[in-house]
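Undergrad: can't give you the sequence, but here's the structure:
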């Protein structure tokens, strides 16, 4: 039997383990030991379900498992689809002691998590992330929610999972584009607080992009360590947790301005990281050489950094609804150096305008 | 200036005051001292808004206050109306530092509270209850949510208010039917844990039904004391808080079986209290004389206790989705005596069937 890497997330009375390893989906023992619910709703999507749902369902044999399969993609992370999943729970008379299991990427996890947060005011939630982005970021930390046409993740709740099972074998079938998108979040962790991780990514990008299991397991473990430590100190984002939003204010605006249809979340974040670094340099904080390292790494990963046909003002409008707006001021996460980010509302408005103009616009 | 009775609810880092008194709606100073938000969404309904919204809005002068008026009634406490209110927040670009203020009864408070719980994953929430039921029960304790056609309050969240302002003057315009419905929840507190309160209600029912301000202020204060003490010990209903559901398993089923259109929540609870007492007597717990006192008081209040044209099995079906179902067993709150309730799954199924049959059925 293969080894399972266990990372325990300490959150007062809601602590939970993250299991990382190969071939975990088939491990009925892991699920049996950590999720006692007899009624289980598995939420997945049309891409992931055919690949992995039978294996997961087999591991849950002996319980009543109902499946809901959503269309794939960020555009489907809506209140309407959340209501659809709730209808299935009610139609099957699931009680408060049921569990909701998310099998898929960030979209499935966020939506299923919001369902689990609100059905009967909260039921057990298990994350089984199958994309790199979900394994390094969205499946961990308890943020759940759906998009509103007016903005990303505008409706949601904090609801911690009771178990996260990250089966690294599922990454073997992940499209290259999704793998690259997931790496944007790993770069983010390096930029925020771990220059060593950032350097490691620069040195080991080729095996990562080739899907090398050991390299992927390393970045998943390290990303979860960083994220869970931040969340343990600031679960509800009163302060430090906002740093995990580096690149996301730009990224969310890019996603909303293109109706969640054009870019993967990680692609938008990758561009957002370059924009944050660029702006940090513009206002005299980040040295030019470090801003260049950020751009170079993001470009090597193959993520976009410039958007033609998108008006800078459209992005600025979407940023007004960012959850970090306070007293009418948009706070941004910026960089002092690689490995040190901070949250601030103290920047010249013109610097933001210049940054947006440098990364989008042009032919419509 | 009139006195304000202040009850502080102790909930770790989310403590908040309940203000009880006459003419509080016009007290800008009370709101200014306890709610700093500059952007405020006031949610009300078509009955309450014409009566009290201008007075509340005047107390919030100098801030940006947007109003949403919902249709009146339990049938409108839906996910669709919740989405409508969220749309208003997004359309007005309200940020996370805004506040949602509920002006109305339990329906407005529950729905607006769920909006506050989920908009940007949680914003400030202020309750301004204008019905007796909301002042003694629903505005206090942090339960928010909406109904599903399949069951009452099936979708929701725990989200504590930061301030509750109970202006007893608003009860002067409350229809007699609503006043009587609110008294059902007060009787409930007496039955659960305060035989003295129950006796006081028996002795002072006439002034209460006549709307005597001092009598109403007394029951509001005492009800809030009991409820907040229970919630402080068990916010998420891991145990004791379930006792506050005395009569509600029956009541919610009555409401759902009649599509939330026929009975006020308090009316259904009143009937539910009699059913719980009746069943407690049936299984040999509650003495006949005490069961009779419960029925007599509920009848004196003018609440229904029997439902013609409603099949007992229809009620039983709706009870299967009660949030107290565990391991497929419906747990009920029953009475050992007036002033002592307990939660149990240990009762003969036939006793429940008999109880339902005694209180509903007959001509369709």
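TA: Received it, and whenever you're ready, just let me know what you need. As the structure is a prediction and not an experimental result, all values here were calculated from the model.
Undergrad: Tell me the residues of the stretch 201-350 of chain A that contact chain B?
TA: Counting by Cβ under 8 Å from any Cβ of the partner chain, the positions of the stretch 201-350 of chain A adjacent to chain B are A:236, A:320, A:321, A:322, A:323, A:324, A:325, A:326, A:327, A:328. C-betas here are computed from N, CA, C, even on glycine.
Undergrad: Would you mind giving the residues you listed as TSV with pLDDT and secondary structure added?
TA: Output for these, formatted as TSV (pLDDT from 0 to 100; DSSP: H, G, I helix; E, B strand; the rest coil):
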residue	pLDDT	secondary structure
A:236	88	coil
A:320	87	coil
A:321	83	coil
A:322	85	coil
A:323	86	coil
A:324	87	coil
A:325	89	strand
A:326	88	strand
A:327	88	coil
A:328	87	coil
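Undergrad: Specify which member of those is nearest to chain B.
TA: Compare each of these with chain B using Cβ to the nearest Cβ and the shortest gap goes to residue A:325, at 3.8 Å.
Undergrad: Now the longest helix along chain A: buried residues?
TA: Assignment by DSSP state H gives helix A:213-233 as the longest helix of chain A. In terms of neighbour count (16 or more other Cβ atoms under 10 Å in any protein chain shown), helix A:213-233 has its buried residues at A:215-228, A:230-231.
Undergrad: Let me see the contact set for residue A:225.
TA: Contacts for residue A:225 were tallied using Cβ atoms under 8 Å, 6 or more residues apart in numbering or on different chains; they are residue A:7.
Undergrad: Quick one: the helices in chain A, in order.
TA: For chain A, applying DSSP H gives helices covering A:28-34, A:48-59, A:79-91, A:106-118, A:132-133, A:176-193, A:195-203, A:205-209, A:213-233, A:248-257, A:265-282, A:288-301, A:312-319, A:349-359.
Undergrad: how about the ones you listed in TSV, adding distance to residue B:259 and mean pLDDT?
TA: Putting the helices of chain A into TSV (distance: least, Cβ to Cβ, whole Å; pLDDT from 0 to 100) gives the following:
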stretch	distance to residue B:259	mean pLDDT
helix A:28-34	39	93
helix A:48-59	35	98
helix A:79-91	15	97
helix A:106-118	22	98
helix A:132-133	43	98
helix A:176-193	45	98
helix A:195-203	56	98
helix A:205-209	56	97
helix A:213-233	42	95
helix A:248-257	37	93
helix A:265-282	40	97
helix A:288-301	54	98
helix A:312-319	40	91
helix A:349-359	51	96
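Undergrad: what would those helices look like in JSON lines with distance to residue B:270?
TA: What follows is these, written out as JSON lines (distance: least, Cβ to Cβ, whole Å):
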{"stretch": "helix A:28-34", "distance to residue B:270": "44"}
{"stretch": "helix A:48-59", "distance to residue B:270": "46"}
{"stretch": "helix A:79-91", "distance to residue B:270": "26"}
{"stretch": "helix A:106-118", "distance to residue B:270": "29"}
{"stretch": "helix A:132-133", "distance to residue B:270": "52"}
{"stretch": "helix A:176-193", "distance to residue B:270": "54"}
{"stretch": "helix A:195-203", "distance to residue B:270": "62"}
{"stretch": "helix A:205-209", "distance to residue B:270": "65"}
{"stretch": "helix A:213-233", "distance to residue B:270": "45"}
{"stretch": "helix A:248-257", "distance to residue B:270": "48"}
{"stretch": "helix A:265-282", "distance to residue B:270": "51"}
{"stretch": "helix A:288-301", "distance to residue B:270": "64"}
{"stretch": "helix A:312-319", "distance to residue B:270": "50"}
{"stretch": "helix A:349-359", "distance to residue B:270": "59"}
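Undergrad: Out of the ones you listed, flag the one nearest residue B:346.
TA: Taking Cβ to Cβ as the criterion, helix A:79-91 is the member of these that comes nearest to residue B:346, at 27.2 Å.
Undergrad: The closest one vs helix B:79-91, what angle?
TA: Going by axes from the mean of the first three to the mean of the last three Cα atoms, to 10 degrees, helix A:79-91 is angled at 160 degrees with respect to helix B:79-91.
Undergrad: What is helix A:79-91 packed up against?
TA: Applying 3 or more Cβ pairs under 8 Å, 6 or more residues apart in numbering or on different chains; DSSP states H and E, one finds that helix A:79-91 makes contact with strand A:39-45, strand A:64-70, helix A:106-118, strand A:143-148, helix B:79-91, strand B:143-148, strand B:151-158.
Undergrad: Give me whichever of those is most buried.
TA: Each of the helices and strands packed on helix A:79-91 was assessed for mean neighbour count using mean count of other Cβ atoms under 10 Å in any protein chain shown. The highest is helix A:106-118, with a mean of 28.
Undergrad: Off-centre distance for it?
TA: When C-alpha coordinates are averaged (Cα atoms, centre = their mean, to the nearest Å), helix A:106-118 and its chain have centres 12 Å apart.
Undergrad: residues in contact with the residue nearest in space to the middle of chain A?
TA: For chain A, the residue whose C-alpha lies nearest the mean C-alpha position (Cα atoms, centre = their mean) is residue A:138; its distance is 3.1 Å. Going by Cβ under 8 Å, 6+ apart, residue A:138 touches A:105, A:106, A:109, A:110, A:129.
Undergrad: and with 6 Å instead?
TA: For residue A:138, the contacting residues are A:106, A:109, by Cβ atoms under 6 Å, 6 or more residues apart in numbering or on different chains.
Undergrad: what does residue A:135 give?
TA: A:129, A:166, A:220.
Undergrad: Nearest residue to the last one in space, please, no chain neighbours.
TA: If the residues on either side of it in the chain are set aside, residue A:220 comes closest to residue A:135, at 5.0 Å by Cβ to Cβ, 6 or more residues apart in numbering or on different chains.
Undergrad: Could you check how far that neighbour is from residue A:227?
TA: Distance, residue A:135 to residue A:227, by Cβ to Cβ, to the nearest Å: 11 Å.
Undergrad: what's the answer for residue A:313, then?
TA: The spacing between residue A:313 and residue A:227, counted by Cβ to Cβ, is 33 Å.
Undergrad: again, but for residue A:150
TA: Between residue A:150 and residue A:227 the distance, using Cβ to Cβ, works out to 27 Å.
Undergrad: got a list of what residue A:270 touches?
TA: Taking Cβ under 6 Å, 6+ apart as the test, what residue A:270 contacts is A:184, A:298, A:303.
Undergrad: looking at those, which has the most residues close by?
TA: The member of these surrounded by the most neighbours (other Cβ atoms under 10 Å in any protein chain shown) is residue A:184, with 29 neighbours in all.
Undergrad: Leaving out chain neighbours, which residue sits closest to it?
TA: Looking at residue A:184 with Cβ to Cβ, 6+ apart, the closest residue is residue A:270, at 3.7 Å.
Undergrad: what's in contact with stretch A:90-105?
TA: Outside of stretch A:90-105, the residues that reach it under the criterion Cβ under 6 Å, 6+ apart are A:35, A:37, A:39-45, A:48, A:56, A:66, A:108-109, A:112, A:115-116, A:120, A:123-128, A:130-131, A:134, B:148, B:150, B:320-321, B:323, B:325-326.
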